[in-house]
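Enquirer: make a model of this:
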Amino acid sequence: MPLRKRIYSIVLLMNIGLYLIQPWIPYIEYSLRKDAIAKNLCINRFNPDSECNGKCYLKKQVARMTETPDAEKQNDKKETPKPSKEFSVCFYSFYITENVLLISKLNSNPSEPCGFVSKVFVPPKA
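Expert: Below is the predicted model of the structure:
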């Protein structure tokens, strides 16, 4: 296998691996840095009777990791911006907003030829 394909394969596998490990990152970080988290980042670090040992920090990190899709859903609920440009080609209508291209199919008779298509592709005369 050429070196270039081997490098692409390794990079692709690393990306897939990191994507699959992503939900487990707070747990891995907690298990590796348990003492430092309990000593410096724990909410109950000033309470000597607490046996939290940094689990409050772990809960906060896990909540932050699972919170991201909800934030995206809230962003989707916002109103879509009005299209800045509109144009139609054949049976499709295109709307351009700030950075999104929306395509919708027009309700028209498919037996009617399109404007530019009927000018370019003329059937032979009998």
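
Enquirer: now do the helices in the protein.
Expert: Counting by DSSP state H, the chain has helices at residues 3-21, 25-32, 34-36, 55-76, 115-120.

Enquirer: rebuild the ones you listed as JSON lines, extending it with mean pLDDT and mean neighbour count.
Expert: The C-beta positions use only the backbone N, C-alpha and C, and glycine is treated the same way. Formatted as JSON lines, the helices of the chain follow (pLDDT from 0 to 100; neighbours: other C-beta atoms under 10 Å):
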{"stretch": "helix 3-21", "mean pLDDT": "92", "mean neighbour count": "10"}
{"stretch": "helix 25-32", "mean pLDDT": "90", "mean neighbour count": "14"}
{"stretch": "helix 34-36", "mean pLDDT": "89", "mean neighbour count": "12"}
{"stretch": "helix 55-76", "mean pLDDT": "73", "mean neighbour count": "12"}
{"stretch": "helix 115-120", "mean pLDDT": "55", "mean neighbour count": "10"}
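
Enquirer: quick one: closest of those to R45.
Expert: helix 55-76 (9.4 Å; C-beta to C-beta).

Enquirer: one step back: next, format the helices of the chain as JSON lines and append distance to D49.
Expert: Output for those, formatted as JSON lines (distance: least, C-beta to C-beta, whole Å):
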{"stretch": "helix 3-21", "distance to D49": "36"}
{"stretch": "helix 25-32", "distance to D49": "22"}
{"stretch": "helix 34-36", "distance to D49": "19"}
{"stretch": "helix 55-76", "distance to D49": "14"}
{"stretch": "helix 115-120", "distance to D49": "80"}
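
Enquirer: now do the contacts for the closest residue to P26 other than its chain neighbours.
Expert: Closest residue to P26 apart from its sequence neighbours, by C-beta to C-beta, 6 or more residues apart in numbering: Q61 at 3.9 Å. Q61 sits next to P26, E29, Y30 when contact means C-beta atoms under 8 Å, 6 or more residues apart in numbering.

Enquirer: ok, the second one to I43 distance?
Expert: For E29, the distance to I43 (C-beta to C-beta, to the nearest Å) stands at 17 Å.
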